[in-house]
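J.: quick one: sequence and predicted model below, then my questions.
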Amino acid sequence: MPAKNLEIMPLRPIGRSGPLVSRFGLGTMTFGSETSEDEAHRQLDLFTAAGGTLIDTADVYGAGASEEIIGRWAAQRTGGYDDLILATKARFAPPPNSAGASWRGLRIALEASLLRLRAEAIDIYFIHGWDQKTSIDETLSTLADFVAEGNIHHVAWSNLSGWQLQKIVSHARAHRLPVPVALQPQYNLLDRTIEIEVLPCCAEEGIGLTPWSPLGGGWLTGKYSPDERPTGATRLGEDPDRGVEAYDRRNTDRTWRILLELREVAAELVRQPGHVALAWLADRPCVSAPLLGARTVAQLSDNLAAANFVLPAEHTERLTRASAPGLPAYPYGFLRDWSELDIWRTLGTENQE
Ligand SMILES: NC(=O)c1ccc[n+]([C@@H]2O[C@H](COP(=O)([O-])OP(=O)(O)OC[C@H]3O[C@@H](n4cnc5c(N)ncnc54)[C@H](OP(=O)(O)O)[C@@H]3O)[C@@H](O)[C@H]2O)c1
């Protein structure tokens, strides 16, 4: 039964051949680290009550704790995972089992994930990143065996460049191995690099995106400022050098220009900047389900207020223009003019200011 005042999220397919999933997925990278088990279980309850169906985790989140927390939640839930789409990832297991995306690495990783998650099968099994040491054929053949055994239902990848994704898809099609249904890249108003090579490949091959860091790790809520280094219980307050969202990396004129436009659009629409950023991303081409990340139930509840929010075309266009990263003139400028690839037209031009 949906909780009072919660809007129920619509469902949409992942790519051309993936399952139906809710418009936003739940990311669980904080479970077992910034987020306690009790708070995590309440996030899962809230998300599913709002019609959320896609739950995304990885074997490495909290060194396995995220999967265990989800597993204990599902075990006491009526119907367990029956009405959900469960996604996890493998590839970066620490030693002694760090065998990448090889047969051995994936066999060990899958068995451990199924046990921690207390699941009979994984709906979408993501390979967490490229593995230079393992042939694509070995990885895809192993995944084909997992599908045949009923242990996974769909394969997917994360963090690839355009040529890597195309190479995997072409090999899979040529050898009748499982074709990825989804890609999980970083994608948000502050980082649109995937629009140059990765997104056109997804459009061509019918692959759906489940973007990570839809709020740029918190930046797009508007909580950071150019004048003050972050403090307190936030990602960058605890570790300003953390990951792609590191304060010194993002503290640029470009970031503040995008945030200014975001704030203006949000004020006009009487919305919070974070809601606008989530809505912009959810309706970009090829996007199936951005993954909501939250430390607390209050943050998740706040983000779910954008679950059904659709930006007016005029505001989408303003944000797309303000966040255009600039398409390198060569070869892309030439190719854009010849091929009329629509997505490249939204990237602006090199050296724009
Ligand atoms: N495949 C990959 O390589 C990869 C990489 C990263 C993430 N992921 C997946 O993507 C999911 C989402 O990524 P993400 O966590 O980076 O997403 P995000 O939405 O960009 O950032 C989430 C963080 O922003 C802050 N935040 C969220 N909502 C807020 C609100 N309403 N008000 C204020 N602050 C708020 C919280 O951090 P603080 O409160 O701590 O500041 C929260 O942990 C992850 O859980 C994971 O499942 C995948």
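T.: Received it, and whenever you're ready, just let me know what you need.

J.: could you show which parts of this protein are in contact with the ligand?
T.: With Cβ under 6 Å from any ligand atom as the criterion, the chain comes near the ligand at residues 27-30, 34, 56, 158-159, 184, 212-218, 221, 223, 234-235, 274, 291, 293-295, 299, 302-303. The way it works is simple: take the backbone N, C-alpha and C, and place the C-beta from them, glycine included.

J.: could you flag which of those residues are buried?
T.: Listed as buried from the residues of the chain next to the ligand are 27-30, 34, 56, 158-159, 184, 212-218, 221, 234-235, 274, 291, 293-295, 299, 302-303; burial here means 16 or more other Cβ atoms under 10 Å.

J.: mind listing the helices for this structure?
T.: Using DSSP state H, the helices of the chain run over residues 37-49, 65-75, 103-117, 136-149, 162-174, 194-205, 235-238, 247-250, 253-269, 273-282, 297-304, 313-322, 334-339, 342-345.

J.: of all these, which gets the most neighbours per residue?
T.: Neighbour counts averaged per stretch over the helices of the chain are highest for helix 273-282, at a mean of 25; criterion: mean count of other Cβ atoms under 10 Å.

J.: ok and that helix relative to helix 297-304, angle-wise?
T.: 50 degrees (axes from the mean of the first three to the mean of the last three Cα atoms, to 10 degrees).

J.: and helix 273-282, average pLDDT?
T.: Summarised as a single mean, pLDDT over helix 273-282 is 98.

J.: report the beta-bridge partners for the closest residue to the ligand within the stretch 1-150 of the chain.
T.: Minimum separation of the stretch 1-150 of the chain from the ligand (Cβ to the nearest ligand atom) falls at G27, amounting to 2.2 Å. Under the criterion DSSP bridges, G27 forms beta bridges with D56.

J.: these two touch, right, it and A58?
T.: No: with contact defined as Cβ atoms under 8 Å, G27 does not reach A58; the gap is 9.6 Å.

J.: what's next to the lowest-mean-pLDDT helix or strand in the chain, contact-wise?
T.: Of all helical and strand segments in the chain, the minimum by mean pLDDT, DSSP states H and E falls on helix 334-339, at a mean of 84. Applying Cβ atoms under 8 Å, 6 or more residues apart in numbering, the set of residues contacting helix 334-339 from outside is L327, L341, W344, R345.

J.: mind redoing it with 7 Å?
T.: Applying Cβ atoms under 7 Å, 6 or more residues apart in numbering, the external contacts of helix 334-339 come out as L327, W344, R345.

J.: swap in stretch 14-24?
T.: Under the criterion Cβ under 7 Å, 6+ apart, residues 9-13, 51-54, 85, 123, 154, 181-182, 206-208, 282, 288-290, 292, 307 lie in contact with stretch 14-24.

J.: how much space separates D283 from F92?
T.: Remark: distance between D283 and F92 (Cβ to Cβ, to the nearest Å) = 31 Å.

J.: oops, could you answer that again for I258 instead?
T.: Taking Cβ to Cβ, one finds I258 at 31 Å from F92.

J.: again, but for V147
T.: Taken as Cβ to Cβ, the span from V147 to F92 is 22 Å.

J.: cool, and M9?
T.: Taking Cβ to Cβ, one finds M9 at 30 Å from F92.

J.: what's the answer for R16, then?
T.: R16 sits 28 Å away from F92 when distances are taken as Cβ to Cβ.

J.: show me which of these two is the more surrounded one.
T.: F92 (17 against 11; other Cβ atoms under 10 Å).

J.: give me phi/psi at the more buried one?
T.: F92 adopts backbone torsions of phi -110, psi 30, taken as degrees, to the nearest 10.

J.: for it, list the residues it contacts.
T.: Neighbours of F92 in contact, by Cβ under 7 Å, 6+ apart: V60, H128.

J.: so where is this structure shaky, pLDDT-wise?
T.: 1-6, 351-353 (pLDDT under 70).

J.: keep only those of the residues of the chain next to the ligand that are in strands.
T.: If you go by DSSP state E, those have G27, D56, S158, Q184, L291 in strands.

J.: hang on, the second one packs against T28?
T.: Yes: with contact defined as Cβ atoms under 7 Å, D56 reaches T28; the gap is 6.5 Å.

J.: contacts for stretch 262-270 next, please.
T.: Taking Cβ under 7 Å, 6+ apart as the rule, stretch 262-270 contacts L189, L220, G222, Q272, P273, V276, A277, H315, R318, L319.

J.: and that stretch, how far from the chain's centre?
T.: The chain centroid and the centroid of stretch 262-270 are separated by 24 Å under Cα atoms, centre = their mean, to the nearest Å.

J.: and for stretch 278-290?
T.: 10 Å.

J.: and for stretch 162-173?
T.: Remark: stretch 162-173 is offset 20 Å from the chain centroid, using Cα atoms, centre = their mean.

J.: contact partners for the closest residue to P328 other than its chain neighbours?
T.: Distance criterion Cβ to Cβ, 6 or more residues apart in numbering; nearest residue to P328, sequence neighbours excluded, is E350 at 5.3 Å. Taking Cβ under 7 Å, 6+ apart as the criterion, E350 is in contact with G326, L327, P328, A329.

J.: again, but for L190
T.: G216, W219, L220, R250, T255, I258.

J.: and with 6 Å instead?
T.: Neighbour list for L190: G216, T255 [criterion: Cβ atoms under 6 Å, 6 or more residues apart in numbering].

J.: and D131, by the same measure?
T.: G100, A101.

J.: which residue sits closest to the closest residue to the ligand within the stretch 151-300 of the chain, ignoring its sequence neighbours?
T.: Residue nearest to the ligand within the stretch 151-300 of the chain (Cβ to the nearest ligand atom): G293, separated by 2.1 Å. Excluding the flanking residues, the one nearest G293 by Cβ to Cβ, 6+ apart is G27, at 4.2 Å.
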